[in-house]
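> the sequence isn't on hand, but the structure is:
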């Protein structure tokens, strides 16, 4: 058992937040079992329509009762494999029924789920598995033309804590690569008894870790974001209240269910409200729109670039059926006011503006609080602003300040950017092995978000996003630490100096660019650099898509790279 994942929040915080009604002592698996009892024969979950192309077997759909039975059976199989409360299960699966079942089955016996992006390969797996001390790794034999389980099997001996590599899916998906292959099946009486006995003898604690998700920081080392059942549930009100999710909704999840967007944006609203969840992976607009029409989806999340493109393509819009949608969530990049206004005025659809992070930032601009679509695109609520009230449960639960990053002084007036710092029931307890890392909290216990905002509005009631404090590239919602990539690129024999930056991209938000100086007498092409990095077995989304060669890189008086002089600024849409 990994004791680092037990009792994450101090008891004083738990008692305080529970007494205020901000946290509940229920665990996520208890909420699931309650939904199974209440929803029974109602449809619970639907596989991606392209599942056969993804993993080699046909898509399925399950009721809550069927899902509950399969989850219990998987919990029983995990117990047979020696998984116990506090063990960490590494998971690399595409969005599917099995991914959700793995979360729920692990939580049902007190295990911690640590999901890895499908793009991750051996380099990331070894680092993350050793940091979190994976007991088992659960993956898939097929992912398009890749064999993730075979890739992991080749390096499994480099993770001393790993006891077994497991694959999961239909029987035809088994290739014999893993130690064990598990196929979804209904629980029998013995399974029910084994799992119930385990829970009775070693019950879950809502203050224990439910997940260890991963984020890249400026240090260049992926950091494990630990979240307890308590704070995941405490993190869920914005993504439930903002779109006003109810039991009759059908949710379409297009984001990898590995961090804030997929888990808090879709999994938790589904679980807590008892809706229907439709999975989608990887993001593919034709398939996505077809699922909206076929499944009669009422709410989904859509990247801002796609919303903008679709709004301006009447021919494409005429070919798709969005009539079931009642609202749309978006975020991960600033929204164009013209886009938000266009969807509302021309199609009667309100776009909800979300801003969040794995660590606990939870801002949203809803149609109720921001009826003007231009305001909704540009601003977020400044919770706690004097004389201003907001809808949604989080409005009175979040403490926030803007801090001048040069002086440390609090900013209370408009026009001066500062780092957003916050506390509340959705903020995480800390990083895995946090005692070896710089603290993400300030002396008052507020989360240092690394995001720059400024106060706006006639009454100082709004926050306007300015920029990141942190040196990150965010490509398609995936964080990339330039420091990590710079260290790898610097190993190339032709490279003398390197800076990794993000180029603006309408579809992905940013793409990776490498700006380098070369050693005398050498040359380097983008293809050569990419081939070199592929040899390091890093995730493909980290690979540079532009190479720029310069004589020198801009540095300040103390030798620090001045990356703002390298970045390309996008045009602003009105």
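Nice, thanks for sending it over. Just so it is clear, the structure is predicted and the values come from calculations on it, not from any experiment. Residues are numbered from 1 along each chain as shown.
> element containing the nearest residue in space to residue 492 that is not next to it in sequence, please.
Nearest non-adjacent residue to residue 492, counting by Cβ to Cβ, 6 or more residues apart in numbering: residue 532, 5.3 Å away. To be clear about C-beta, it is placed using only N, CA and C from the backbone, and glycine gets the same treatment. Following DSSP states H and E, one finds residue 532 within helix 526-534.
> nearest residue to the middle of the chain?
Residue closest to the mean C-alpha point of the chain, counted by Cα atoms, centre = their mean, is residue 259 at 2.2 Å.
> wait, what's in contact with that residue?
Residues near residue 259 by Cβ atoms under 8 Å, 6 or more residues apart in numbering: 115, 213, 214, 215, 225, 358.
> tell me which of these is nearest to residue 32?
For the contacts of residue 259, the residue nearest residue 32 by Cβ to Cβ is residue 115; the value is 17.1 Å.
> correct me, but that closest one touches residue 258?
Yes. In this structure, residue 115 is within contact of residue 258 by Cβ atoms under 8 Å, at 4.0 Å.
> what is in contact with these two at once?
Residues touching both residue 115 and residue 258 (Cβ under 8 Å, 6+ apart): residue 213.
> hang on, the earlier thing: what about the residue nearest to residue 492, distance to residue 538?
Applying Cβ to Cβ, to the nearest Å, the value for residue 532 to residue 538 is 11 Å.
> pick out whichever of the two has more residues nearby.
Neighbours were counted for residue 532 and for residue 538 using other Cβ atoms under 10 Å; residue 538 has more, 20 against 17.
> hmm, the more buried one is touching residue 488, no?
Yes. Counting by Cβ under 8 Å, residue 538 touches residue 488, with 6.9 Å between them.
> if we ignore the residues flanking it in sequence, what's nearest residue 39?
In space, and not counting its chain neighbours, residue 39 is closest to residue 64: 3.9 Å by Cβ to Cβ, 6+ apart.
> same check, this time on residue 35
Among residues not flanking residue 35 along the chain, residue 274 sits closest, at 4.7 Å (Cβ to Cβ, 6+ apart).
> identify the residues contacting that neighbour.
Applying Cβ under 8 Å, 6+ apart, we find residue 274 in contact with 35, 38, 39, 42, 64, 247.
> and the fourth one, what does it touch?
The neighbourhood of residue 42, defined by Cβ under 8 Å, 6+ apart, consists of 63, 64, 274, 276.
> residue contacts, the first one?
Counting by Cβ under 8 Å, 6+ apart, residue 63 touches 39, 40, 41, 42, 43, 44.
> out of those, which is most surrounded?
Among these, residue 44 has the most neighbours (other Cβ under 10 Å), with 26 neighbours.
> mind listing the helices for the stretch 101-250 of the chain?
In the stretch 101-250 of the chain, the segments counted as helices under DSSP state H, counting those that start in this stretch are 122-132, 148-153, 189-201, 229-235, 237-241.
> of these, which is nearest residue 296?
Among the helices of the stretch 101-250 of the chain, the nearest to residue 296 by Cβ to Cβ is helix 237-241 (20.3 Å).
> continuing past that closest one, what's the next helix or strand?
Next helix or strand after helix 237-241 toward the C-terminus (DSSP H and E): strand 250-253.
> what's the pLDDT at the nearest residue to residue 482 once chain neighbours are set aside?
Closest residue to residue 482 apart from its sequence neighbours, by Cβ to Cβ, 6+ apart: residue 500 at 3.8 Å. Residue 500 carries a pLDDT score of 92 in this model.
> quickly note the distance from the residue nearest to residue 35 to residue 206.
From residue 274 to residue 206 the distance is 20 Å (Cβ to Cβ).
> same question, residue 98
Taken as Cβ to Cβ, the span from residue 98 to residue 206 is 25 Å.
> report how many residues lie close to residue 376.
Residue 376: 24 surrounding residues under other Cβ under 10 Å.
> strands of the stretch 201-350 of the chain, start to end?
Ranges of strands within the stretch 201-350 of the chain are 209-216, 222-228, 250-253, 276-279, 299-301, 327-331, 350-356, based on DSSP state E, counting those that start in this stretch.
> so the second one versus helix 122-132, what angle?
Pointing back at strand 222-228 there. With axes from the mean of the first three to the mean of the last three Cα atoms, to 10 degrees defining the directions, strand 222-228 sits at 50 degrees from helix 122-132.
> which residues of the chain score low on pLDDT?
Within the chain, the set of residues satisfying pLDDT under 70 comprises 1, 216-220, 332-333, 556-560, 568-574.
> domains in it, by residue range?
If you go by automatic domain parsing, the domain ranges for the chain are 3-39+56-230, 236-376, 379-466, 473-565.
> which residues of the stretch 301-450 of the chain fall in helices?
304-311, 314-317, 337-347, 373-378.
> reformat the ones you listed as JSON lines; add distance to residue 447.
Putting the helices of the stretch 301-450 of the chain into JSON lines (distance: least, Cβ to Cβ, whole Å) gives the following:
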{"stretch": "helix 304-311", "distance to residue 447": "25"}
{"stretch": "helix 314-317", "distance to residue 447": "40"}
{"stretch": "helix 337-347", "distance to residue 447": "28"}
{"stretch": "helix 373-378", "distance to residue 447": "24"}
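> that older thread, now for the residue nearest to residue 39: which residues touch it?
Residues in contact with residue 64 (Cβ under 8 Å, 6+ apart) are 35, 36, 38, 39, 40, 41, 42, 43, 44, 274.
> same question for residue 380.
Counting by Cβ under 8 Å, 6+ apart, residue 380 makes contact with 353, 355, 363, 364, 365, 453, 462, 463, 464, 465.
> thought residue 270 was touching residue 240, still the case?
No. Look at residue 240 against residue 270 with Cβ under 8 Å: they stay out of range, at 10.0 Å.
> most widely separated two among the contacts of residue 63?
Greatest spacing in the contacts of residue 63, by Cβ to Cβ: 40 and 43 (10.7 Å).
> would residue 516 count as being in a helix?
No. If the criterion is DSSP: H, G, I helix; E, B strand; the rest coil, then residue 516 is strand and not within a helix.
> beta partners of it?
With DSSP bridges applied, residue 516 shows beta-bridge pairing to residue 498, residue 549.
> so residue 384 makes contact with residue 399?
Yes. At 6.9 Å, residue 384 and residue 399 qualify as touching, with contact defined as Cβ under 8 Å.
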